[in-house]
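Asker: 3D model of this:
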Amino acid sequence: MRILLVVVLFITLGCSSQPRFTHVQGMPPFEMFDNKTGQTCTAAPVVYDSRDKVREDFRDGFRKSTRNSTNPLDQLIGEEQVSKVVGSLDSPDPGQRFSAPEFQEFYKRYDALKSSPSNPPVYHYNGMPYCKEL
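Answerer: Numbering: from 1, shown residues only. Have a look, this model is predicted:
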């Protein structure tokens with residue numbers, strides 16, 4: 001009876017011989033699939049957000065938005081204008097910030113860093129959680 005109880009407990013508690021995290025064929029080596037939660041995660045080392053990282057991501061995001069724009073004038077935006085846009089991160093005046101929804105993520109990340117510089121938030125590449133967090 002005790003052996004049967006132990007076996008039932010192992011089965012109900014989800015003990016399995018399968019590994020929890022598995023690599024998905026065709027995906028980058030750091031992307032894993034969590035068999036417990038059913039979602040993908042990154043096995044890369046945890047990276048904390050930084051002002052430089054936000055600036056770099058904002059610069060890349062702004063360049064991508066102008067490249068994909070149908071407005072021919074957007075194609076003429078030079079590095080000086082890009083630097084001005086990225087510089088809006090430091091502006092204390094909210095009116096100086098760009099209201100486009102695709103840029104709000106960068107302002108939120110930057111504000112979080114300014115409000116708590118000694119405890120920076122974890123940076124999630126492509127919004128993907130770290131496997132350690134699951």
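Asker: For the chain, which residues score under the pLDDT cut-off?
Answerer: By pLDDT under 70, the weakly predicted segments of the chain are 1-16, 75.
Asker: make it 50
Answerer: For the chain, applying pLDDT under 50 flags the ranges 4-13.
Asker: if you go through it in chain order, where are the helices?
Answerer: Secondary structure of the chain by DSSP state H: the helices cover 2-12, 51-67, 79-87, 101-115.
Asker: and of those helices, who's closest to Gln39?
Answerer: With C-beta to C-beta as the measure, helix 101-115 is the member of the helices of the chain nearest Gln39 (20.5 Å). Bear in mind the C-beta positions are built from the backbone N, C-alpha and C, glycine included.
Asker: What would the closest one look like as CSV? C-alpha coordinates only.
Answerer: Extracted in CSV, the C-alpha atoms of helix 101-115 (Å, rounded to 0.1, in the frame of the first residue of the first chain):
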residue,chain,number,x,y,z
PRO,A,101,3.5,54.5,-29.6
GLU,A,102,6.5,52.6,-30.9
PHE,A,103,8.8,54.9,-28.8
GLN,A,104,7.0,54.7,-25.5
GLU,A,105,8.7,51.5,-24.5
PHE,A,106,12.1,53.3,-24.6
TYR,A,107,10.9,56.2,-22.5
LYS,A,108,9.4,53.8,-19.9
ARG,A,109,12.7,51.8,-19.7
TYR,A,110,14.7,55.0,-19.4
ASP,A,111,12.5,56.4,-16.7
ALA,A,112,12.7,53.1,-14.7
LEU,A,113,16.5,53.4,-14.8
LYS,A,114,16.4,57.0,-13.7
SER,A,115,14.1,56.3,-10.8
